[in-house]
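> sequence? don't have it. structure:
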Ligand code: UDP
């Protein structure tokens, strides 16, 4: 393996997350909400519901429905992003839904819907992961019945090195970068989302997954801490 990335651009260790901040109950009009900042990637998630789904023909009498909406604000990136949905935002919304749905006890609210809106107000790579982490926290804050929290982080290969939590600068490394966003259920360690953009060997992927799981575990503890800060220790 050729190592051309000896020191990270921002001075972090290869297995270190960017500085993280989390807080719940930040949107008064929402049933649940959370803000998650990881370095210069910052997102806010708002949850509405469970509430009756309209029109009624969309209702599922067996279980509730989860809808996720990911959006990047125009000013969140250096080059203004045109407002409105894109193919990318539709894909990320779907990834979010798939990452979260299995942790919710949807059968406890038949005919109902839970809407999750995530707004990215500053983007510096890893926005889909921060969105999943914030959405799970906001769902818990809303009191939506769930088995466990989901946290997510990207791992990858930058200049021959396996790294945790890539920045945009790292994603754009001149020697090429491989980006692997992963989402994990806290206690079980079950992976609920895994994407791969770039090339990687089987051995490297194994190492990257271990590192990603470690990152997710740290984020999971921080999610719990953010909930405890509002609801107290139980
Ligand atoms: N990005 C951008 N403009 C866009 C979309 C993305 O500048 O219209 C940047 C932004 O910093 C984002 C990064 O590219 O975080 C990586 O985007 P990607 O699609 O890989 O998703 P992410 O890593 O944010 O989950």
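Received the coordinates, thanks. Predicted, not measured: the structure shown is a model, and the values here were computed from it.
> make it CA atoms for all contacts and neighbour counts henceforth
Fine.
> thinking in terms of the whole chain, how far from its middle is the lengthiest helix in the chain?
Secondary structure of the chain per DSSP state H: the longest helix is helix 202-231. Here helix 202-231 is found 11 Å from its chain centre; the criterion is C-alpha atoms, centre = their mean, to the nearest Å.
> Which of the residues in that helix are classified as buried?
Buried positions in helix 202-231, judged by neighbour count with 16 or more other C-alpha atoms under 10 Å: 204-205, 208-209, 211-217, 219-220, 222-227.
> Can you narrow those down to the ones near the ligand?
Near the ligand, taking C-alpha under 6 Å from any ligand atom as the test, no member of the buried residues of helix 202-231 is found.
> Identify the residue spatially nearest to the residue in the chain positioned nearest to the ligand, adjacent ones excluded.
Minimum separation of the chain from the ligand (C-alpha to the nearest ligand atom) falls at residue 125, amounting to 3.0 Å. Residue nearest to residue 125 in three dimensions, not counting chain neighbours: residue 168, with 4.8 Å by C-alpha to C-alpha, 6 or more residues apart in numbering.
> pLDDT score assigned to the one you found?
pLDDT for residue 168: 98.
> For residue 44, give me its contacts.
Contact analysis of residue 44 by C-alpha atoms under 8 Å, 6 or more residues apart in numbering lists 33, 34, 35, 36, 118, 119, 120, 121, 131, 134.
> Within the helices and strands, which one has it?
Remark: residue 44 resides in strand 41-52, with elements defined by DSSP states H and E.
> Skip ahead from that strand and say which helix or strand is next.
Reading on from strand 41-52 to the C-terminus, the next helix or strand found by DSSP H and E is strand 65-72.
> report the angle between the axes of the helix or strand just after that next one and strand 65-72?
Counting by DSSP H and E, the next helix or strand C-terminal to strand 65-72 is helix 87-101. Inter-element angle recorded for helix 87-101 and strand 65-72: 140 degrees (by axes from the mean of the first three to the mean of the last three C-alpha atoms, to 10 degrees).
> Name the residues of helix 87-101 that are buried.
Buried residues in helix 87-101 (16+ other C-alpha under 10 Å): 89, 92, 93, 95, 96, 97, 98, 99, 100, 101.
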